[in-house]
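Visitor: Sequence and predicted structure, then a few things I'm wondering about:
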Amino acid sequence: MATQPHRDLPENVPVHRLYDIDIYAPSPTGGDYFAAWAKIHAASESGLLWTPRNDGHWIATRAGTITDVLSDYEHFSNRIIFVPKSSGEAHNIVPTTLDPPEHRPYRNILNGSLAPKQVNRVEESFRPIAAELIETFRLDGRCEFATQYAELFPIRIFMRIVDLPEADAPRLKALADQTIRPDGQMTYEEALDGLYAYLQPVIDARRGTDGQDMISRIVNGEVNGRPVNDREAREMCAQMLIAGLDTVVNFLTFMMLFLATHPEPCAALVADPARIPAFINELLRRFGIVTTGRVVREDYDYQGVTLRAGDMVVVPTALHGIDPAVYPDPLAVSLDRGNARHSAFGSGNHTCPGAHLARTEIRATLQEWLAHIPIFSLAPGSELRFSGGIVACVHALPLIWDPATTR
């Protein structure tokens, strides 16, 4: 927390609101992602802080503030959703960067494509896919979970839902990664153009068909009584691919890291698998990995400061779930916490349309993993490395177990 005035501090930012953190590297050394964010709560009771990083922006730090910013589109617009603002302005994709009421007809299309009815249509294949992947390494007594399971399972399911060849998944995943955590291989615009180039022939082929896959439902949808056009179809499909090929992948790795280092919950879930759904909600509360943003529509006095029109407010969902003012012992994961509220899937009009799919994939993973490998741990000497940004990740997760305890 800053104690001296900052020479570049905007006039509407009190010095006691200054906190120097880079959302793309909350731990500069790549250490524990959540511990780095938790330091904000220890440093300030404020629900809004300001960092000079990434063009300068506010950070919503408390559960109530996060809910406000995500839900109040009249003051906090989705027009720009990530920082630096100069880069976020180029991310103009429907419906992510639209506010109500313009947002609603596009969202209706996505809701229909990812509704429980559509997910349940293919859910029976989830557990067999999980079991098949686990069997490829079960008798080895070890695996690198990120690459041998987490990067394969949700992507195989997603490629079925969109009816695209599984062989294309690595290419699409590489492009999606460059839009979320670019490493310099290409610009954000180049990555997005790569996705558009891949999608356009698919859109052309499925236009006018009665297919029930997600892409067909999107490209043959209607907005305000007219057909979705090619630009809208590309943008909605690209957004869907980016989310479907990344978010659950990374959540699964955080989940398994916790279980590998906390054997008691594993034993409880093995003894009573009926507790898995409630446990998933607790994991989502504890491990919020998405960081999004909003832009202030007009000057707005909020929580003791004046937010200026055009100010960016970044919302790390991790901070909602680990707010000590709301959750006792927030960094602990408890089977008995109950149905805790969180922002893992966002809040308000832009709540993630894929929430049901994500929960179903997580549940299938826990059910099959614990049925086959009930006792496992983190490999000794593992040096874990975390990254922040739009979606946080664990770069590698080596797990070990005794094959004799598996089934």
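Guide: Here it is on my side, so go on. Note that the coordinates shown come from a computational prediction; the quantities given were computed from them, not determined experimentally. Numbers count the residues shown, from 1 in each chain.

Visitor: hey, where'd the helices end up in the stretch 51-200 of the chain?
Guide: 63-71, 85-88, 103-113, 116-123, 126-135, 145, 153-161, 169-180, 188-206 (DSSP state H, counting those that start in this stretch).

Visitor: Could you say which of the ones you listed is packed most deeply?
Guide: Stretch with highest mean neighbour count among these: helix 145 (a mean of 24; mean count of other CB atoms under 10 Å). Every residue, glycine included, has its C-beta placed from N, CA and C.

Visitor: what does that one contact?
Guide: 252-253, 256, 397-399 (CB atoms under 8 Å, 6 or more residues apart in numbering).

Visitor: didn't residue 239 look like it was pressed against residue 93?
Guide: Yes: the pair residue 239 and residue 93 qualifies as a contact (CB atoms under 8 Å) at a distance of 5.4 Å.

Visitor: out of the two, which sits in the more crowded spot?
Guide: For residue 239 and residue 93, the more surrounded residue by other CB atoms under 10 Å is residue 239, and the numbers stand at 23 against 18.

Visitor: in what helix or strand does that one lie?
Guide: Using DSSP states H and E, residue 239 sits in helix 230-244.

Visitor: returning to what we had before: quick one: which of the contacts of helix 145 sit in helices?
Guide: Judged by DSSP state H, helices contain the following of the contacts of helix 145: 252-253, 256.

Visitor: With pLDDT as new columns, can those be given to me in JSON lines?
Guide: As requested, those are exported to JSON lines (pLDDT from 0 to 100):
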{"residue": "252", "pLDDT": "97"}
{"residue": "253", "pLDDT": "97"}
{"residue": "256", "pLDDT": "98"}
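
Visitor: For the residue nearest to residue 74 when sequence neighbours are not counted, give me its contacts.
Guide: Nearest residue to residue 74 in three dimensions, chain neighbours excluded: residue 297, at 7.1 Å (CB to CB, 6 or more residues apart in numbering). Taking CB under 8 Å, 6+ apart, we find residue 297 in contact with 74-77, 309.

Visitor: Look up how far residue 46 lies from residue 297.
Guide: Look at residue 297 and residue 46: by CB to CB, to the nearest Å, they are 22 Å apart.

Visitor: any idea of the mean pLDDT in stretch 122-138?
Guide: Per-residue pLDDT over stretch 122-138 has a mean of 95.

Visitor: hmm, who's touching that stretch?
Guide: 143, 148-149, 152-153, 156-157, 160-161, 360-361, 364-365, 367-369, 372-373, 403, 406.

Visitor: what about burial for those residues, which qualify?
Guide: Buried members of these, counted by 16 or more other CB atoms under 10 Å: 143, 148-149, 152-153, 156-157, 160-161, 360-361, 364-365, 367-369, 373, 406.

Visitor: Now go through those residues and say which are in strands.
Guide: Among these, the members falling in strands (DSSP state E) are residue 143.

Visitor: ok, residue 316 to residue 403 distance?
Guide: Residue 316 sits 39 Å away from residue 403, going by CB to CB.

Visitor: again but with residue 134, I slipped
Guide: 12 Å.

Visitor: can you check residue 113 too?
Guide: Counting by CB to CB, the gap from residue 113 to residue 403 is 41 Å.

Visitor: so what's residue 339 up against?
Guide: 278, 281.

Visitor: Three-state assignment for it, please.
Guide: Secondary structure, DSSP: H, G, I helix; E, B strand; the rest coil: residue 339 is coil.
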